[in-house]
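Engineer: I need the structure of the sequence given here:
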Amino acid sequence: MHQLGRTSSEPWSTDDLLLAARHLGLKGKLSRPSVERLSLTPLPALALLRDGRTVVLAQCDGQRVLLQDPSEQIQGGRPVIEPIAVFTEQWTGELLLVTSRASVAGELAKFDFSWFIPSLVKYRKLFGEVLVISLFLQLFALISPLFFQVVMDKVLVHIGLTTLDVLVIGLLVVVVFESVLTALRTYVLGRGYGADTLQENDTTAGNTDVLQFLSGVSTEQIWLRKVSNSLEVSIIGTSDKATLTNWYLGSQYHVEQFKTSDGKTLLDSQVQNLVSAMAGFTPPAAGQTTLPPNYQTALAPVIAANWNG
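Structural biologist: Got it, this is the predicted structure:
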């Protein structure tokens, strides 16, 4: 106010408000919507009243408005709901729409590769690690055919047993490394593990992600249900569960196999059979670690048909 040479007691004109917005680094625009289109106007906005006051118009549903008077002449400055007819009697018909220049620039920004650059810079370390690991995985995929080529060319032809020893050791190292990678792709869920959220997004063909249940968890104690676009997998009678986000948005978000410690396996293609069957029941109450008799009658055949092994 001091920068504009005004006091709080003086009424503010539209030009004053636009100038104040500019001083604050905001972009202001004067709008004169009809009462019928007021509910379609992007809010909140500043509404100019006939007595010279300016109020914040927060919402309008076509019948009522939610507004706040900074001068505290209405409800002591607290937000208040008024019928739209009462509001329009005081309103001059003018609104001042205010937005930050950053948001305007964001709306007008061109969507191209440059849009991803800030994220690439922010997560450059993670991207670098992923690229290095991907490079090694591709190299390991070439080791088997190269191994047999060298065996044929160097070992069998020249009877190079020393070369064979080196190749065998190298192949064992690769096998161990691939086993470690496979273990890292296995999610574990057991009693007392609490709630976890799994974000799977793998489009590489042939990769198999596994959700492994620990000992003491049988197939009849595993409950599956759809929650929005995600799949919730829980152990009945407990708070232990894993939520696989975006499961229903595509196979790239799937864990390919669910396994129990006794060797049973459920494929991702069979999950929906169990979800559909269990949708007609509520999950058993806390502390109930076995299915009630009426649940067993309906669900046991479906569970047995889809958990293999």
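Engineer: tell me the phi and psi of the residue sitting nearest the centre point of the chain?
Structural biologist: The structure's the chain has its C-alpha centroid closest to residue 245; by CA atoms, centre = their mean the separation is 6.9 Å. Backbone geometry at residue 245, expressed as degrees, to the nearest 10, gives phi -70, psi 140.
Engineer: so what's residue 224 up against?
Structural biologist: Counting by CB atoms under 8 Å, 6 or more residues apart in numbering, residue 224 makes contact with 231-234, 271, 274-275, 278. No exception for glycine: its C-beta is placed from N, CA and C like everyone else's.
Engineer: same check, this time on residue 22
Structural biologist: residue 28.
Engineer: buried residues in the helix or strand containing it?
Structural biologist: In this assignment (DSSP states H and E), residue 22 forms part of helix 14-23. Applying a neighbour-count criterion of 16 or more other CB atoms under 10 Å, the buried positions in helix 14-23 are 16-21.
Engineer: and for the closest residue to residue 194 other than its chain neighbours, the neighbour number?
Structural biologist: Nearest residue to residue 194 in three dimensions, chain neighbours excluded: residue 240, at 6.2 Å (CB to CB, 6 or more residues apart in numbering). Summarising burial for residue 240: neighbours were counted as other CB atoms under 10 Å, giving 19.
Engineer: equivalent analysis for the one 10 residues further on, please.
Structural biologist: Neighbours of residue 250 under the rule other CB under 10 Å: 11.
Engineer: tell me the pLDDT at the residue lying closest to residue 199 once chain neighbours are set aside?
Structural biologist: Distance criterion CB to CB, 6+ apart; nearest residue to residue 199, sequence neighbours excluded, is residue 245 at 5.2 Å. What the model reports as pLDDT for residue 245 is 91.
Engineer: pretty sure residue 258 sits in a strand.
Structural biologist: Yes - counting by DSSP: H, G, I helix; E, B strand; the rest coil, residue 258 falls inside a strand.
Engineer: how about the contacts made by the spatially closest residue to it that is not a sequence neighbour?
Structural biologist: For residue 258, ignoring the flanking residues on the chain, the nearest one in space by CB to CB, 6+ apart is residue 266 at 4.1 Å. Applying CB under 8 Å, 6+ apart to residue 266 gives the contacts 219, 257-259, 274, 306-308.
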